[in-house]
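Visitor: sequence first, then the predicted structure:
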Amino acid sequence: MAKRVVLAYSGGLDTSVAVRWMIEQYGVEVIAVAADVGQEGGDLPAVRERALAAGAVEAVVVDCKDEFAADFVTPALKANALYEGRYPLVSALSRPVIVKHMVAAAREHGADAVAHGCTGKGNDQVRFEVSTRALAPDLDILAPVRSWGMTREDAIHYAYRHDIPITATKEKLYSIDDNLWGRAIECGEMEDPWAVPPPGVWVLTSPTATEARDVVVGFEAGVPVSLDGEQLALVPLIERLGGLVGSYGWGRIDMVENRRVGIKSRETYECPASLALILAHNDLESITLERDLAREKARLEPRYAELIYDGLWFSPLKQALDAFVEESQRYVTGEVRLHLESGTCLVTGRRSDYSLYDYGLATYDAADAFRHEDSAGFVRLWGLGIETWAGRQSRLGS
Ligand code: ARG
């Protein structure tokens, strides 16, 4: 039985109650780890205090923003990773970086287990646990929220009885998870997939901008490095672009997705920065990647997204695909112009010193350098098999 447990702590009701509940039920010491992955309202000193007030022997806040951007978001962007073609994996990407720091904290504080506050119905339990087993197979994993059988109301009563400071109220409507890459909003009336998401759920994409404008995103080897020519570090670049694109009311997703545990669930997301960056990156690849490489990469991208979604960030296939994607990005350097106007974000231009777009080959005007005479023989051979087949069919009268 575990003696010291590192808990992934968010500061919310469930993880606050989990601190005390694990102490009572399992007789363990709890070390709370709160990871800053760029979430809103992350008054992290206050989160730390709350963990201690709930009974944690130690509470640490880890700033993972730069690491999250460089080592988790960037590979996903290079792979244009969208789960089921739409969701840029906001929550799914944050779990492995959080687990990395939980495992580090477990080593540092001599813990023999880690714990998370996920329910038994979601994907996040899968990601926390599979990532932990990949990085630290010797650690036990506790899932108090999955085991305790309390309703939300029970948990609130438990918090009051034990003087655990919480900000939650009974009528909390949504389950929200957010970070640098976007925001996920679930539950409440949106559990009916036909119901229109109430306007109150949107915070990153409320349309406030009135004048249309352009923004130019610069990339180097697949990594975004500048906005309108100004060099920016990844975190401020993502934040600034998200604020800008979001102010045009663009970046919302409303979908029913397939969870790993077999449930279909209605999800809404706001992902102005991630969707705009994937749009621009993907477009820059259209002039910098050779056709076969582009095709093969596009074929592998959904698989890559699925691995991340399914909790397999730390896995041999993901590692091998990373090597492929990394190799593909060598010349993905250049700029993409995005045009923003109410509810719209559209690519209106792309350029690169490594562009494979050849004006002399493409043009229909006097500068044309294409050898037209080559086409006749090429097309004849291209159609030869079809012609042969058609000849037989007509001999057979069909
Ligand atoms: N459905 C998304 C996913 O599985 C978002 C999960 C968000 N988690 C939350 N606690 N609201 O990646």
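Guide: It's in. Numbers count the residues shown, from 1 in each chain.
Visitor: which bits of the chain sit near the ligand?
Guide: S91, A92, N123, D124, S175, I176, D177, A184, E186, E267 (Cβ under 6 Å from any ligand atom). Bear in mind the C-beta positions are built from the backbone N, C-alpha and C, glycine included.
Visitor: which stretches of the stretch 151-300 of the chain form strands?
Guide: 175-179, 182-186, 213-220, 223-227, 230-231, 252-258, 264-270 (DSSP state E, counting those that start in this stretch).
Visitor: just name the most buried of those strands.
Guide: Neighbour counts (mean count of other Cβ atoms under 10 Å) averaged over each of the strands of the stretch 151-300 of the chain peak at strand 182-186, with a mean of 23.
Visitor: what angle do it and strand 264-270 make?
Guide: Between strand 182-186 and strand 264-270, the angle comes out at 140 degrees (axes from the mean of the first three to the mean of the last three Cα atoms, to 10 degrees).
Visitor: which strands or helices does strand 182-186 pack on?
Guide: Counting contacts by 3 or more Cβ pairs under 8 Å, 6 or more residues apart in numbering; DSSP states H and E, strand 182-186 packs against helix 90-108, strand 175-179, strand 264-270, helix 272-288.
Visitor: 7 Å instead, please
Guide: Using 3 or more Cβ pairs under 7 Å, 6 or more residues apart in numbering; DSSP states H and E as the contact test, the elements touching strand 182-186 are helix 90-108, strand 175-179, strand 264-270.
Visitor: circling back: make CSV from the strands of the stretch 151-300 of the chain and add mean pLDDT to it.
Guide: Converted to CSV, those look like this (pLDDT from 0 to 100):
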stretch, mean pLDDT
strand 175-179, 94
strand 182-186, 96
strand 213-220, 98
strand 223-227, 98
strand 230-231, 98
strand 252-258, 98
strand 264-270, 97
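Visitor: nearest to R392 among these would be which one?
Guide: Nearest of the strands of the stretch 151-300 of the chain to R392, taken as Cβ to Cβ: strand 252-258 at 45.0 Å.
Visitor: quick check, the residue in the stretch 201-350 of the chain closest to the ligand?
Guide: Here the stretch 201-350 of the chain gets closest to the ligand at one residue, E267, 4.8 Å apart by Cβ to the nearest ligand atom.
Visitor: you'd agree that residue is up against R183?
Guide: No - the criterion here is Cβ atoms under 7 Å, and E267 misses it with R183 at 11.0 Å.
Visitor: what sits in contact with each of the two?
Guide: Common contacts of E267 and R183 (Cβ atoms under 7 Å, 6 or more residues apart in numbering): none found.
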